[in-house]
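Student: Quick check, what structure comes out for this input:
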Amino acid sequence: MRNSKLNTTRAQRDVRLAEKKLTDCILKENAALGVFYEFKATEAERKLEDADIEKPKLHPQVAEAIKKLTQRTKLLDAKHVLVSVKGDVVGIC
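Tutor: Reported below is the predicted structural model:
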């Protein structure tokens, strides 16, 4: 009887030690992942900044045409759109 209690206690201790080792490994893994994700975020931010620098500027007339097209697309839900002869939106009914 005494021997079985001692064996049970030792087994419980071994389980607790294994749980502690596992917890330590998980903490180390989480710390490493934190460093990795911070690196990836910094790299993505740098790429975004590079893309902003390399972005070509649109010719003003092209930019205006895109703006008008976007406005017309938004008006597609309207039932009646008044358009001038030139194609400009005059009003919405």
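Student: Walk me through the domains of this protein.
Tutor: Residue ranges for the domains of the chain, per automatic domain parsing: 1-55, 57-93.
Student: what mean pLDDT does the longest one have?
Tutor: Averaging pLDDT along domain 1-55 yields 89.
Student: What are the boundaries of the strands in the protein?
Tutor: Using DSSP state E, the strands of the chain run over 81-83, 89-92.
Student: So what's the model's average confidence on the first one?
Tutor: Model confidence over strand 81-83, given as mean pLDDT, is 51.
Student: Make 675 the first number, not 1, from now on.
Tutor: Got it, the first residue is 675 from now on, which makes the last one we talked about strand 755-757.
Student: what's the spacing between residue 721 and residue 715?
Tutor: 11 Å (Cβ to Cβ, to the nearest Å). Where C-beta positions appear, they are placed from N, C-alpha and C, glycine not excepted.
Student: number of nearby residues for residue 721?
Tutor: 10 (other Cβ atoms under 10 Å).
Student: separation between it and residue 714?
Tutor: On the measure of Cβ to Cβ, residue 721 and residue 714 end up 11 Å apart.
Student: what's the answer for residue 693, then?
Tutor: From residue 693 to residue 714 the distance is 31 Å (Cβ to Cβ).
Student: Check residue 698 too.
Tutor: According to Cβ to Cβ, residue 698 and residue 714 sit 25 Å apart.
Student: now residue 701
Tutor: 20 Å.
Student: then stretch 693-707 to PDB, C-alphas only?
Tutor: C-alpha atoms of stretch 693-707 as PDB (Å, rounded to 0.1, in the frame of the first residue of the first chain):
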ATOM      1  CA  GLU A 693       4.400  20.000 -17.800                       C
ATOM      2  CA  LYS A 694       6.900  22.600 -16.600                       C
ATOM      3  CA  LYS A 695       9.400  21.700 -19.400                       C
ATOM      4  CA  LEU A 696       6.600  21.900 -21.900                       C
ATOM      5  CA  THR A 697       5.500  25.300 -20.500                       C
ATOM      6  CA  ASP A 698       9.100  26.600 -20.700                       C
ATOM      7  CA  CYS A 699       9.300  25.400 -24.400                       C
ATOM      8  CA  ILE A 700       6.000  27.100 -25.200                       C
ATOM      9  CA  LEU A 701       7.200  30.400 -23.700                       C
ATOM     10  CA  LYS A 702      10.400  30.200 -25.700                       C
ATOM     11  CA  GLU A 703       8.500  29.500 -28.900                       C
ATOM     12  CA  ASN A 704       6.100  32.400 -28.200                       C
ATOM     13  CA  ALA A 705       9.100  34.700 -27.600                       C
ATOM     14  CA  ALA A 706      10.700  33.600 -30.900                       C
ATOM     15  CA  LEU A 707       7.500  34.000 -32.800                       C
END
